[in-house]
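# take this sequence and fold it.
(one chain, ligands or ions: 1)
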Amino acid sequence: MLAITTASAAGLNVDKSQFDETPDGKKVTRYQLTNRNGMQVSLIDFGARIQALKVPNKNGDLADVVLGFNDVSGYINKNKYMGATIGRYANRIANGEFKLNGKTYELPVNNGPNSLHGGNQGFDQQLWQAQVIKPTDAVGVEFSYLSPDGEMGYPGNLVVTVRYTLDNDNNLRIHYSAVSDKDTVINLTNHAYFNLEGAGSGKVLSDIAMINADKFSPIDQTLIPLGEARSVQGTPFDFTQPTAFGKHSGDKTKQLLRAESKQGGFDHNWILNTDGNLDELAARVVDPEAGRTLEVYTTEPGVQVYLSNFLRGKFAGKNDKTYNHWGAFTMETQHYPDSPNHPSFPSTQLQAGEKFSSTTIYKFLPQ
Ligand code: BGC
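Modelled structure (predicted):
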């Protein structure tokens, strides 16, 4: 397939090629960003998603550290969310219902009694417009999408852009912006499933995680926050000091069993200490054997860390690798789940004409 290469300063490049087609015959394009360290980020316009992410380790060996597929059908039929931009509301809204300006809005219920990740045809299932961009010292793609008024039950025509850029310090920066013509709610995230040893290479339980959060959001049986900000101290949720994911995965404590009813697993919102400060580390995950580290920085107040409790090796992904239980972790930077139904949480309301803006950086270190 013909690939168009756009060369940029200092080893930063974008390659554009056809990835696949949607079931109704629309072309799906892949944009591959590279930097001078050999890091490669493949983005596709279907779901404005990260399709592959090759990162060097301490010996310079590259591994693709995100789960995903080599065709669109995988992202429709096997796992919709891998690497995708999630919206209009990332995470759950209780009973698929919220009130805004005195009016009740009904959303598609697609996860037990709740609405998850913007409904069954969320932003992850849309074909976005794309444009290559070359800001100073970086290279990237800006995706945009018009979510019509009433789509998946949400009010307001929402114009949303997601801008991914890569620089030579191995920062993958994701900047979201949006504007609506009616008051609405919004919560955007990226749903990359990470495995720092390489997608499909086994469990992530020996990864050492630090989450800069003194509190987390305890949940009910359907994974909706109870409303409380609970201290992590003395609980399995204390990652303020570097701790292996596996230290408590599988504990039969109430909160872990609520997220994963048989074994007990993590699928919770941590309330970050960073106060929206993009310069302050929100989380770090080190895979000492692989020799790769991920650092997360964000303007968002929370992060959903999900340990792939529901992956069960039932399907193959890229390169015929099987994706297993606890075989990946997510770092979904976002506002708290179900915020529209919790007035005490940081607000996810976006007023008509107001500009929404949010930034997250995934930084990779060879150590
Ligand atoms: C949720 C999980 C869900 C997963 C689906 C996460 O954000 O918290 O419960 O299964 O997304 O990919």
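
# quick check: pLDDT value at residue 313.
The model reports residue 313 with a pLDDT of 87.

# so it sits right up against residue 323, yeah?
Yes: counting by Cβ atoms under 8 Å, residue 313 touches residue 323, with 6.7 Å between them. For the C-beta atoms, the positions are set from N, CA and C on the backbone; glycine is no exception.

# higher neighbour count, these two?
In this view residue 313 and residue 323 are compared by other Cβ atoms under 10 Å, and residue 323 has more residues nearby, 24 against 11.

# how far away is that one from the ligand?
11 Å (Cβ to the nearest ligand atom, to the nearest Å).

# which ones are touching that residue?
With contacts defined as Cβ atoms under 8 Å, 6 or more residues apart in numbering, residue 323 is in contact with 67, 79, 193, 199-200, 308, 311, 313, 315-317.

# adding distance to the ligand and secondary structure, write these out as TSV.
Shown next, in TSV, are the contacts of residue 323 (distance: Cβ to the nearest ligand atom, whole Å; DSSP: H, G, I helix; E, B strand; the rest coil):
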residue	distance to the ligand	secondary structure
67	10	coil
79	7	coil
193	8	coil
199	15	coil
200	16	coil
308	8	coil
311	9	coil
313	16	coil
315	14	coil
316	17	strand
317	14	coil
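
# out of those, who's the most crowded?
Within the contacts of residue 323, residue 193 tops the neighbour count with 26 neighbours, counted by other Cβ under 10 Å.

# and that residue, what does it touch?
Counting by Cβ under 8 Å, 6+ apart, residue 193 makes contact with 66-68, 82-83, 199, 308, 311, 323, 328-330.

# farthest-apart pair in the residues you listed, please.
68 and 329 (14.9 Å; Cβ to Cβ).

# and for residue 31, the neighbour number?
Residues contacting residue 31 under the criterion other Cβ under 10 Å number 25.

# that's a strand at it, yeah?
Yes: counting by DSSP: H, G, I helix; E, B strand; the rest coil, residue 31 is located in a strand.

# for it, give me its contacts.
Counting by Cβ under 8 Å, 6+ apart, residue 31 has contacts 14-16, 42-44, 130, 132, 141.

# just these: which are in strands?
Among those, DSSP state E puts 14-16, 42-44, 130, 132, 141 in strands.

# residue 139 against residue 11, yeah?
No: Residue 139 is beyond contact range of residue 11, at 9.6 Å (criterion: Cβ under 8 Å).

# between the two, which is the more surrounded one?
Ranked by neighbour count (other Cβ under 10 Å), residue 139 and residue 11 place residue 139 first, with 27 against 13.

# which residue packs closest to the more buried one, ignoring adjacent ones?
The shortest distance from residue 139 to any non-neighbouring residue, by Cβ to Cβ, 6 or more residues apart in numbering, is to residue 12 (4.1 Å).
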